[in-house]
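Need the 3D shape of this:
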Amino acid sequence: MASSITSAGAASGMDFESIISASLEAKRAQLERQTTTQKEEANIELSGVGQLKSALETFQEALQAFTEDNAFNARKVTIDQPEDTKYFTVEAEEDASNMQYDVIVKQLASTEKISKHFDIGDNNKFQAGKLTFDLGEREIDGKTEKVSFTIDIAEGDSLELIRRKINENDYGLTANYVKAADGSYTLSIDTGKSGDANNALTITAKDTAGNTLPDPTTPADPNDPKSLTLFNFSGGSIGKDGTTIDGWKYTAAKDAIITLDGDDKNALHSETNTFDEQISGITLTVNKVSETDDAGNFKANTLKVEEDYDAVSKKMQNFVSAYNTLMSTMDSLYKHNTYTDGENNYDGGSLAGDSMLRSLQTQIQQKVSSAGMNDVTKQSIYSMGLEFKQDGTLSLDATEFKEALADNYNLVVNAFSGDDGLLKQLDTFVEDYTESQGILDQRKDQLNSEISDLEAEEADNEAYLEKYEESLRSKYAYLDTLMSSYNTSLQYISSALISY
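Modelled structure (predicted):
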């Protein structure tokens, strides 16, 4: 603080400096009682609101995890097949219901393939030109389009280099070769697209100007580059599977095929090895053709989808744990402060005695206690193995809960994860507090505004204390001068009397 006098009482010998300091401290304490305490309490409350929002968000994440993709409605899939030989696998979807089928995998999906032997010898080079690969119609970005690509072959390109150029396409077609000890090659081309409808590959050789090349002839000189027409392929189909076309050994693309309950007339087909729409509620992926008996007849494997009581019970226990964690956090935040001789010890929660917190906690407890109740079923959580303990937390009797599931699975699951179930009700209710600019964000904004005002008031107080000190020093400087003159006069009178 600025001051025109730095040692009050120097003239008179009085300890005015101590008086000024005591006066300043008394005034500072008075001002701080009005601002600093309020600011500290506002910061404690702000921290409590942040902790409450974080706890509610964690609880809300748990609620959403339970309801996402109908996760609470757990189904168990069992297949009577060897553990080390999985003919097919199944994943239950959110709308799965109980079912049982005898499944036979008759055929796996395969891609269209061709292979050809190139007796190249020491002359591994081809003439310049172009190779065009037509792949038929494919779905690209949701649209059905004709797909083809062309590669440029330079004079003298080897089979290895041509293979690399083929593989630079964007459509999944791949080329590979095997080189034998005699220097010959077997080139294989795979279109990468499975399914009966995807047998459309053709390969056309053209010269550098884009004109179709004539059928290959034997070069006059065996060292001359070989004709690109060796790559020509006019196309195949399922009917030509296993035949040789244009010198290429042909393998057709095929659908995966399964039958359910021995119904060959209604066999299910899929372009891939995954059946994700044909059977309601499940996604079935085939891995291996079913085993056959000695007579060549396929053996079925039984697929069964049913309620998974253990999984639902585990999810219920996870909900109970999430609920109890939230209640424990709320209790800690609400805990009242204690007082000693009228002074607050600030040993309670950050939202000690907060009415909004208590109302929020009570409403959540009421929603849980009334879960599943309706005019028809007259059910409650107490008949589903849940119970409130004296401290307000929940406990779950897993055996009783599973019995309730066995009695009426859909009733119990819908009470918690249905469209009007407890979990979605709680999620909607909590959202009002956790959403951006929701109830808690508005309260945080209000507290931050109060803290900002108090900080401004603290700055004003410092300015006031500076002026207050200036005033004190001015007053005591005048008194110091006055008392000093009195002391001088008194000394003069005393000396005169002694001389007299």
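
Under the pLDDT cut-off, which ranges of the stretch 251-400 of the chain? List them.
The stretch 251-400 of the chain contains residues with pLDDT under 70 at 372-379.

now the strands for it?
Ranges of strands in the stretch 251-400 of the chain, per DSSP state E, counting those that start in this stretch, are 256-260, 268-270, 274-275, 282-286, 301-307, 339-340, 343-344, 386-388, 394-396.

contact partners of the third one?
The set of residues external to strand 274-275 that reach it, using C-beta atoms under 8 Å, 6 or more residues apart in numbering, is 256, 258, 268, 283-286. Any C-beta I mention is one placed from the backbone N, CA and C, and that applies to glycine too.

Kindly confirm my reading that Ile203 is in a strand.
Yes. Per DSSP: H, G, I helix; E, B strand; the rest coil, Ile203 lies within a strand segment.

Is it in contact with Leu131, as I believe?
Yes. Under the criterion of C-beta atoms under 8 Å, Ile203 makes contact with Leu131 at 6.2 Å.

if I look at the two, which residues touch both of them?
Shared contacts of Ile203 and Leu131 (C-beta under 8 Å, 6+ apart): Phe231.

Of all the strands of the stretch 251-400 of the chain, which one is nearest Glu93?
Of all these, it is strand 282-286 that lies closest to Glu93, at 6.2 Å by C-beta to C-beta.

and the closest one, how far from the chain's centre?
Computed by C-alpha atoms, centre = their mean, to the nearest Å, the chain-centroid distance of strand 282-286 equals 25 Å.

Return the list of helices and strands in contact with that strand.
Here strand 282-286 touches strand 88-92, strand 99-107, strand 256-260, strand 274-275, going by 3 or more C-beta pairs under 8 Å, 6 or more residues apart in numbering; DSSP states H and E.

Need the winner for burial among these.
Highest mean neighbour count of those: strand 256-260, a mean of 21 (counted as mean count of other C-beta atoms under 10 Å).

Tell me what angle it forms with strand 99-107.
If you take axes from the mean of the first three to the mean of the last three C-alpha atoms, to 10 degrees, strand 256-260 sits at 140 degrees to strand 99-107.

and Gly281, how many neighbours?
Using other C-beta atoms under 10 Å, Gly281 is surrounded by 15 other residues.

Verify the stated contact: it with Asn98.
No. Counting by C-beta under 8 Å, Gly281 stays clear of Asn98, with 9.3 Å between them.

any common contacting residues for the two?
75, 305.

and of the helices and strands packed on strand 282-286, who's closest to Tyr464?
strand 88-92 (72.6 Å).

Distance of Glu307 relative to Ser328?
Applying C-beta to C-beta, to the nearest Å, the value for Glu307 to Ser328 is 32 Å.

more neighbours, the two?
Glu307 (21 against 14).

For beta bridges, what are the partners of that one?
Here Glu307 shows beta-bridge partners Arg75, assigned using DSSP bridges.

What separation is there between it and Asp420?
Computed with C-beta to C-beta, the distance linking Glu307 and Asp420 is 21 Å.

again with Leu333
Taking C-beta to C-beta, one finds Leu333 at 30 Å from Asp420.

quick one, which of those two is more surrounded?
Counted by other C-beta under 10 Å, Leu333 and Asp420 do not tie: Leu333 has more neighbours, with 21 against 9.

Make sure the more buried one is actually in contact with Ser54.
No. Leu333 is beyond contact range of Ser54, at 10.9 Å (criterion: C-beta under 8 Å).

Break down the chain into its helices, ranges please.
For the chain, applying DSSP state H gives helices covering 16-67, 159-166, 309-334, 355-369, 398-407, 409-417, 422-434, 439-499.

Now the ones you listed in CSV, please, with extra columns for distance to Gly235.
Shown next, in CSV, are the helices of the chain (distance: least, C-beta to C-beta, whole Å):
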stretch, distance to Gly235
helix 16-67, 52
helix 159-166, 17
helix 309-334, 51
helix 355-369, 66
helix 398-407, 57
helix 409-417, 53
helix 422-434, 55
helix 439-499, 65
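
picking up where we left off before, now tabulate the helices and strands packed on strand 282-286 in a markdown table and tack on distance to Gly385.
Shown next, in a markdown table, are those (distance: least, C-beta to C-beta, whole Å):
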| stretch | distance to Gly385 |
| --- | --- |
| strand 88-92 | 24 |
| strand 99-107 | 27 |
| strand 256-260 | 37 |
| strand 274-275 | 37 |
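
Quick check: which of the ones you listed is nearest to Asp190?
strand 256-260 (17.0 Å).

can you tell me which residues contact Asp261?
Contacts of Asp261 (C-beta under 8 Å, 6+ apart): 101-102.

now it: how far from Phe72?
Taking C-beta to C-beta as the measure, Asp261 falls 30 Å from Phe72.

Equivalent analysis for Val147, please.
Val147 sits 44 Å away from Phe72, going by C-beta to C-beta.

who's more crowded, those two?
Each of Val147 and Phe72 has its neighbours counted (other C-beta under 10 Å); Phe72 has more, 23 against 19.

Same list, the strands of the stretch 251-400 of the chain, but as TSV with distance to Ile166 please.
Formatted as TSV, the strands of the stretch 251-400 of the chain follow (distance: least, C-beta to C-beta, whole Å):
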stretch	distance to Ile166
strand 256-260	27
strand 268-270	28
strand 274-275	28
strand 282-286	30
strand 301-307	40
strand 339-340	85
strand 343-344	81
strand 386-388	64
strand 394-396	62
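
of those strands, which approaches Gly172 most closely?
Nearest to Gly172, of the strands of the stretch 251-400 of the chain and by C-beta to C-beta, is strand 274-275 at 16.6 Å.

strand partners of that closest one, parallel vs antiparallel please.
Strand pairing for strand 274-275, using DSSP bridges, gives strand 282-286 (antiparallel).

now the angle from the strand it pairs with to strand 88-92?
Counting by the same axes, to 10 degrees, strand 282-286 lies at 160 degrees to strand 88-92.

neighbouring contacts of strand 282-286?
Contacts for strand 282-286 (C-beta under 8 Å, 6+ apart): 77, 87-93, 96, 99, 103, 105, 108-109, 256, 258, 273-276, 303, 305.

Which one of the helices of the chain lies nearest to Phe233?
Proximity to Phe233, assessed across the helices of the chain by C-beta to C-beta, is greatest for helix 159-166 (12.5 Å).

List the buried residues in the closest one.
The neighbour-count check on helix 159-166 (16 or more other C-beta atoms under 10 Å) flags 159, 162-163, 166 as buried.

which strands and helices sit next to it?
When contacts are defined as 3+ C-beta pairs under 8 Å, 6+ apart, helix 159-166 sits against strand 129-140, strand 143-153, strand 174-179, strand 185-194.

so how far is that helix from its chain's centroid?
On the basis of C-alpha atoms, centre = their mean, helix 159-166 sits 42 Å off its chain's mean C-alpha point.

before we move on, the earlier item: Ser115 is nearest to which of the helices and strands packed on strand 282-286?
Across these, closest to Ser115 is strand 99-107 (C-beta to C-beta), at 21.0 Å.

and the closest one, which strands flank it?
Here strand 99-107 is paired, per DSSP bridges, with strand 256-260 (antiparallel), strand 301-307 (antiparallel).

any chance of those strands in a markdown table, plus distance to Pro214?
Output for the strands paired with strand 99-107, formatted as a markdown table (distance: least, C-beta to C-beta, whole Å):
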| stretch | distance to Pro214 |
| --- | --- |
| strand 256-260 | 41 |
| strand 301-307 | 55 |
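
All good on my end, thank you.
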